[in-house]
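Asks: Build the 3D model from these lines:
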Amino acid sequence: MYIFLDESGNFTKHNQEEYFVIGSFTVSDQRRTAKAFRIWRKHFPKRMRSQSEIKWSQSGLSDDLRLSTLRKIAKLDVRIRFGYLLRNNIPSSFRRRGKIEAGLLYTSIIGGLIEKYLPTDDKEVYIFCDQRPLKGMTNKGFEESIRARVIALCPSDALVKVTMIDSTSNPNMQIADWISG
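Replies: Model (predicted):
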């Protein structure tokens, strides 16, 4: 099983969005969805086709194209889950000295969303999250924390791998961006 997650927004007070949203999907064959998304790019305006990443929020995309892209994604035989957090309702347990512990909060939200796909009988679970700064936590700490949370819900001999990757290098991460958008 392959799980891809991407977020829309951030926790800072300068963000205009009311919600912090994390979109995700799981698929058994990541190459098939990546290829389908790359082929679908021909529907985007010519000037965008050569870009390494086309985001949901990018200007120059019509609402009709956004809707047809989401319909295409829905037909790719993926299981979609999402989670959201009202930004002005962040629990006090994730605040310290008036500041948000963004790394811990992000880890908690991601872990909760991944648990929606579990338990599983799959012997291999690969989790890919968008590369982002995690204040108060290292990427390795994040990956180990998520892995520990997931491995308990998998078979005892399962391989669980958590990786943070740049969305510009992976079409599946771009699909997750569209879901969270």
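Asks: When you work out contacts or count neighbours from here on, use the C-alpha atoms and nothing else.
Replies: Noted.
Asks: Next SSE downstream of the helix or strand hosting Trp40?
Replies: Taking DSSP states H and E as the definition, one finds Trp40 inside helix 30-40. Next in sequence after helix 30-40, counting helices and strands by DSSP H and E, comes helix 46-49.
Asks: show me what contacts Arg31?
Replies: If you count contacts by CA atoms under 8 Å, 6 or more residues apart in numbering, Arg31 has none.
Asks: Relative to Leu70, how far out is the nearest residue to Phe11 once chain neighbours are set aside?
Replies: Nearest residue to Phe11, sequence neighbours excluded (CA to CA, 6 or more residues apart in numbering): Arg87, at 6.5 Å. Distance of Arg87 to Leu70, given as CA to CA, to the nearest Å: 25 Å.
Asks: The two: who's more crowded?
Replies: Arg87 (19 against 16; other CA atoms under 10 Å).
Asks: Quick check: the more buried one vs Trp40, distance?
Replies: For Arg87, the distance to Trp40 - CA to CA - is 33 Å.
Asks: And the strands in this protein?
Replies: 2-8, 19-27, 79-86, 95-96, 99-100, 124-130, 159-165 (DSSP state E).
Asks: The fourth one - which strands sit beside it in the sheet, and in what orientation?
Replies: What that stands for is strand 95-96. strand 99-100 (antiparallel) (DSSP bridges).
Asks: The longest one too?
Replies: If you go by DSSP bridges, strand 19-27 pairs up with strand 2-8 (antiparallel), strand 79-86 (antiparallel).
Asks: and that strand, C-alpha only, in PDB?
Replies: The C-alpha trace of strand 19-27 is given here as PDB (Å, rounded to 0.1, in the frame of the first residue of the first chain):
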ATOM      1  CA  TYR A  19      -8.800  25.700   7.900                       C
ATOM      2  CA  PHE A  20      -5.600  23.700   7.700                       C
ATOM      3  CA  VAL A  21      -6.400  20.800   5.400                       C
ATOM      4  CA  ILE A  22      -4.500  17.500   4.700                       C
ATOM      5  CA  GLY A  23      -5.600  15.500   1.700                       C
ATOM      6  CA  SER A  24      -4.400  11.900   1.100                       C
ATOM      7  CA  PHE A  25      -5.000   8.900  -1.000                       C
ATOM      8  CA  THR A  26      -3.800   5.300  -1.100                       C
ATOM      9  CA  VAL A  27      -3.200   3.200  -4.100                       C
END
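Asks: surely the residue nearest to Phe11 meets Val21?
Replies: No. Arg87 sits out of contact with Val21 when judged by CA atoms under 8 Å, with a separation of 9.7 Å.
Asks: All set, thanks.
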